[in-house]
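In: A predicted structure for the sequence below; I have some questions about it.
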Amino acid sequence: MSSIKIFVSHSPDSHNIRPEMPFFYHITAGSDFQTEPLPGHMLQDNTGDHISYKNRSFCELTVQYWAWKNTEADYYGFCHYRRYFSFAPEKMRQADCGCLVFPYFNRHVQALLCMDGEAVRRKVGQHDFLIAEGIPVHALGARSVTDHYRKAPGLNIRDLQLFYKILVKKYPELAGAAACYLNGSIFYPCNMFIMKKELFVHYCDMLFTVLEEFERRADMGSYSREAYRTPGHLGERFAGIYFTYLGRQGGYRLGELQMAMIGNAQAETYEKPARNEINEINEIPVVFAADKTYLPMLCVCLRSLVNCADPDRNYHIYILHTELDNACRQTFLKAFLIENVRVEFVDVGPHVYGYRLRAKEHITKETYYRFLILDLFKDCQKVVYLDTDIIVRRDIAQLYDTQLGDCLIAAAADADFAGQCNGANMDTAHYCAKVLKLSSPSAYVQAGVIVFHVSEMRKTIRVRKLMRMAEHGNYMYSDQDILNIVCQGRIKLLDMAWNVMADSGRGRADVIRQAPRSILQDYERARKDPYIIHYCGSAKPWKYPGGDFAEEFWEAARKTPYYEQLLGIMAGQESRDTVLEKTVGMLRNAAKKILPQGSRIRRSIGRLYWKLK
């Protein structure tokens with residue numbers, strides 16, 4: 001049985017995902033420049049006979065050289081940490097860039113690309129040479145492969161001309177193929193291929209012989225950083241030349257594989273809590289979920305939480321997100337340089353990609369991220385989850401210390417829901433009985449403040465099941481309804497002071513007055529001294545500063561770096577640039593829906609957009 005080795009190149013000191021898959025080997029390209037400890041199971045290109053020290057100019061070619069000189073296989077392949085091959089039997093629709101695009105790499109994407117051992121072996125075994133699918137150069141704004149090189153930022157066309165001159169002199173048999181490819185209209189990108197051993201040895205012998213001569217004759221002393229990568233760019237063109245050469249020769253089994261580009265290939269870097277560690281250092285895990293829009297509100301919430309924190313307890317705050325860039329995170333983190341409080345951002349994109357999570361009115365898709373607690377914090381016995389639209393007025397450690405017994409979650413009764421079911425909205429009562437199938441509306445809890453009994457809940461249900469319910473169910477209150485269904489009969493009721501719903505200004509007080517007497521009394525008592533104020537509903541204090549309990553929000557907001565931004569939101573003051581950006585974004589999204597992926601007209605409009613931008 002043929003041995004296959006596909007090497008995945010990573011930059012030095014990078015923190016990228018390293019998915020474990022049959023035949024794929026992760027390796028640092030330029031290991032000579034690695035300064036951090038090497039991650040486990042990573043190969044290095046600076047052992048044995050190597051040119052790792054040339055990585056600044058040769059790029060991923062240092063990995064190809066190392067594999068040629070130091071490894072044995074029947075097939076050699078090469079790809080990158082954020083670019084992989086698709087081994088799917090059917091061709092998938094590509095993006096405008098000429099390849100498949102996925103925001104994250106996860107099991108869903110791996111399955112779509114058929115990257116299992118059987119599919120890889122079958123596809124590779126049917127060919128002598130597989131290359132990343134060619135891209136029409138007109139889609140790249142060029143007339144030919146040479147013209148594309150000429151227009152590439154930082155590159156000098158004289159280098160390609162010198163490379164061609166050396167190539168045809170040393171290997172005249174390649175002259176016709178080189179001219180055909182360089183003057184042609186199809187570009188084979190990224191130096192990605194899988195090649196039979198005999199061809200690979202022949203390929204490397206020619207490529208590195210030509211590049212060695214190029215180094216002697218080219219003067220790159222004053223080149224920019226990008227221009228200094230010229231040998232790597234030339235190697236990329238040589239892959240297309242050699243593929244063309246074999247095609248002109250005939251008798252070889254050649255093929256092309258679609259290339260999949262991963263938008264975010266960063267590995268998880270947050271510190272996963274362990275049960276023993278938490279018990280030893282008395283650390284309390286508190287989880288939030290937020291997008292960029294809600295980051296200022298989350299900062300206000302955390303400021304109120306920190307103000308009430310016990311200096312003798314340790315608090316570890318985790319913020320689940322999919323879109324917060326480094327600049328956003330750093331601005332936020334500067335507000336919480338506190339000895340007993342740690343704040344970490346956790347990109348959950350790989351965990352939710354592939355699920356169709358839909359927002360509903362003022363409820364965002366981030367609300368479903370709380371389901372991930374069961375996987376991300378599986379070694380924790382308990383975790384506190386809080387919505388971002390709250391103000392904390394009591395030490396959250398007291399909430400965390402709630403004894404759960406065999407209950408799955410702890411949460412407060414939803415006085416609004418109880419009032420609806422008790423006469424304010426009989427449609428809700430019907431929904432509660434027929435869809436949620438709850439024994440009593442009084443058992444329904446509000447999910448903005450929850451203590452998850454993680455160890456118990458994992459015995460009952462898995463994240464995949466919860467996400468499938470979110471995808472396929474038509475629930476009035478989204479994830480809140482799902483948790484009430486799943487946890488029914490095993491919910492510990494919290495004192496309602498831990499989740500006092502502010503009056504939304506749209507009749508919530510009238511609705512709650514119709515709740516059963518005991519629930520109404522609990523709500524009225526809790527309002528006198530709320531431990532947590534929850535601005536659930538659409539009437540938020542940053543929009544309506546005169547609303548119920550709004551003064552509590554603004555008192556905390558003044559102590560955050562987002563105070564002026566919140567004032568702007570309240571006043572409805574958006575800059576002309578922001579309005580224009582949103583308008584252009586809406587038009588761009590509309591065009592993406594109307595114009596077919598990969599079509600000529602879509603690419604033309606795209607080029608015009610970037611020229612005008």
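Out: Now that the structure is in, tell me what you want to look at.
In: Counting neighbours, what do you get for V348?
Out: When neighbours are counted by other C-beta atoms under 10 Å, V348 registers 22. C-beta coordinates here come from the backbone N, C-alpha and C atoms, glycine included.
In: same check, this time on D325
Out: For D325, the neighbour count with other C-beta under 10 Å is 9.
In: repeat for T269
Out: When neighbours are counted by other C-beta under 10 Å, T269 registers 10.
In: repeat for C180
Out: 15.
In: So what's the predicted local confidence for it?
Out: C180 is assigned 97 on the pLDDT scale.
In: residues touching it, list them.
Out: Counting by C-beta atoms under 8 Å, 6 or more residues apart in numbering, C180 touches 244, 248.
In: host element of it?
Out: helix 175-182 (DSSP states H and E).
In: ok, V348 - contacts?
Out: Applying C-beta under 8 Å, 6+ apart, the residues near V348 are 320-322, 369, 372, 376.
In: In strands only, show me these.
Out: Residues of the contacts of V348 located in strands (DSSP state E): 320-321.
In: biggest separation within the contacts of V348, which pair?
Out: Maximum pairwise distance in the contacts of V348, criterion C-beta to C-beta, is 13.5 Å, between T322 and L376.
In: who has more neighbours, the two?
Out: Set side by side, T322 and L376 show more neighbours around L376, with 24 against 20, by other C-beta under 10 Å.
In: center of this protein - which residue?
Out: G349 (3.4 Å; C-alpha atoms, centre = their mean).
In: Could I get the contacting residues of it?
Out: Contact partners of G349, counting by C-beta under 8 Å, 6+ apart, are 103-104, 264, 322.
In: If we use 6 Å, what do you get?
Out: Counting by C-beta atoms under 6 Å, 6 or more residues apart in numbering, G349 touches 104, 322.
In: Next one: it from L436, what distance?
Out: Distance of G349 to L436, given as C-beta to C-beta, to the nearest Å: 30 Å.
In: Next: V168.
Out: Applying C-beta to C-beta to V168 and L436 gives a distance of 75 Å.
In: Looking only at neighbour counts, state which of those two leads.
Out: Set V168 next to L436 and count neighbours by other C-beta under 10 Å: L436 wins out with 21 against 16.
In: Distance of the more buried one relative to V445?
Out: For L436, the distance to V445 - C-beta to C-beta - is 12 Å.
In: next helix or strand past the host helix or strand of I194?
Out: Element membership for I194 (DSSP H and E) is strand 193-196. Of the helices and strands lying after strand 193-196 in sequence (DSSP H and E), the nearest is helix 197-217.
In: For the helix or strand following that following helix, buried residues please.
Out: Sequence order places helix 230-249 as the next helix or strand after helix 197-217, per DSSP H and E. Going by neighbour count (16 or more other C-beta atoms under 10 Å), the buried part of helix 230-249 is 230-246.
In: How far does the next helix or strand after helix 230-249 sit from its chain's centre?
Out: The helix or strand immediately downstream of helix 230-249 is strand 254-257, counting by DSSP H and E. Mean-position distance between strand 254-257 and its chain equals 29 Å (C-alpha atoms, centre = their mean, to the nearest Å).
In: element containing the closest residue in space to H80 that isn't next to it in sequence, please.
Out: Leaving aside its sequence neighbours, H80 sits nearest to S9 (C-beta to C-beta, 6 or more residues apart in numbering; 5.3 Å). Using DSSP H and E, S9 sits in strand 4-10.
In: Adjacent strands (with direction) for that strand?
Out: strand 24-28 (parallel), strand 75-80 (parallel) (DSSP bridges).
In: first to last residue in stretch 305-321, what's the distance?
Out: End-to-end distance for stretch 305-321: 20 Å, by C-alpha to C-alpha, to the nearest Å.
In: Residues contacting it, please?
Out: 281-290, 340-346, 348, 369, 392, 394-397.
In: Can I get the buried part of those residues as one ChimeraX selection?
Out: Buried residues within these, by 16+ other C-beta under 10 Å, are selected in ChimeraX with:
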select :283,284,285,286,287,288,289,290,340,341,342,343,345,346,348,369,392,395,396,397
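In: Next step: the contacts of stretch 305-321 restricted to strands.
Out: Among those, the ones falling in strands (DSSP E) are 283-289, 341-346, 392.
In: what ranges of the stretch 51-200 of the chain fall below the confidence cut-off?
Out: Residues of the stretch 51-200 of the chain meeting the criterion pLDDT under 70: none.
In: So which residues of it form strands?
Out: Secondary structure of the stretch 51-200 of the chain (DSSP state E, counting those that start in this stretch): strands at 75-80, 83-85, 100-102, 129-132, 135-136, 186-187, 193-196.
In: do you know which of these lies nearest T428?
Out: strand 100-102 (39.7 Å).
In: picking up where we left off before, deepest in the core, which of the strands paired with strand 4-10 is it.
Out: Per-stretch averages of neighbours, counted by mean count of other C-beta atoms under 10 Å, single out strand 75-80 among the strands paired with strand 4-10, with a mean of 24.
In: ok, back up a step: D401 is nearest to which of the strands of the stretch 51-200 of the chain?
Out: Nearest to D401 among the strands of the stretch 51-200 of the chain is strand 100-102 (42.2 Å), distances taken as C-beta to C-beta.
In: in the closest one, what's buried?
Out: So, applying 16+ other C-beta under 10 Å, buried residues of strand 100-102: 100, 102.
In: Could you give the separation of that strand from the chain centroid?
Out: Per C-alpha atoms, centre = their mean, the centroid offset for strand 100-102 relative to its chain is 13 Å.
In: Which elements pack onto that strand?
Out: Contacts defined by 3 or more C-beta pairs under 6 Å, 6 or more residues apart in numbering; DSSP states H and E place strand 100-102 against strand 259-262.
In: So which residues make contact with the strand it packs on?
Out: Around strand 259-262, the neighbours that count as contacts under C-beta under 6 Å, 6+ apart are 82-84, 86, 99-102, 105, 113, 132.
In: can you put those residues in TSV and add distance to G568?
Out: TSV is the format used below for the contacts of strand 259-262 (distance: C-beta to C-beta, whole Å):
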residue	distance to G568
R82	36
R83	41
Y84	43
S86	45
C99	40
L100	40
V101	34
F102	35
F105	37
L113	44
A132	47
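In: Of those, which is the nearest to M426?
Out: Nearest to M426 out of the contacts of strand 259-262 is F102 (C-beta to C-beta; 45.8 Å).
In: The residue nearest to the closest one when sequence neighbours are not counted and M92: what is the separation?
Out: For F102, ignoring the flanking residues on the chain, the nearest one in space by C-beta to C-beta, 6+ apart is V109 at 4.9 Å. In this view, V109 and M92 are 11 Å apart by C-beta to C-beta.
In: more neighbours, the two?
Out: Neighbours per residue, other C-beta under 10 Å: of V109 and M92, the larger number sits with V109, 21 against 11.
In: separation between the more buried one and S86?
Out: 10 Å.
In: same check, this time on L254
Out: Counting by C-beta to C-beta, the gap from L254 to S86 is 17 Å.
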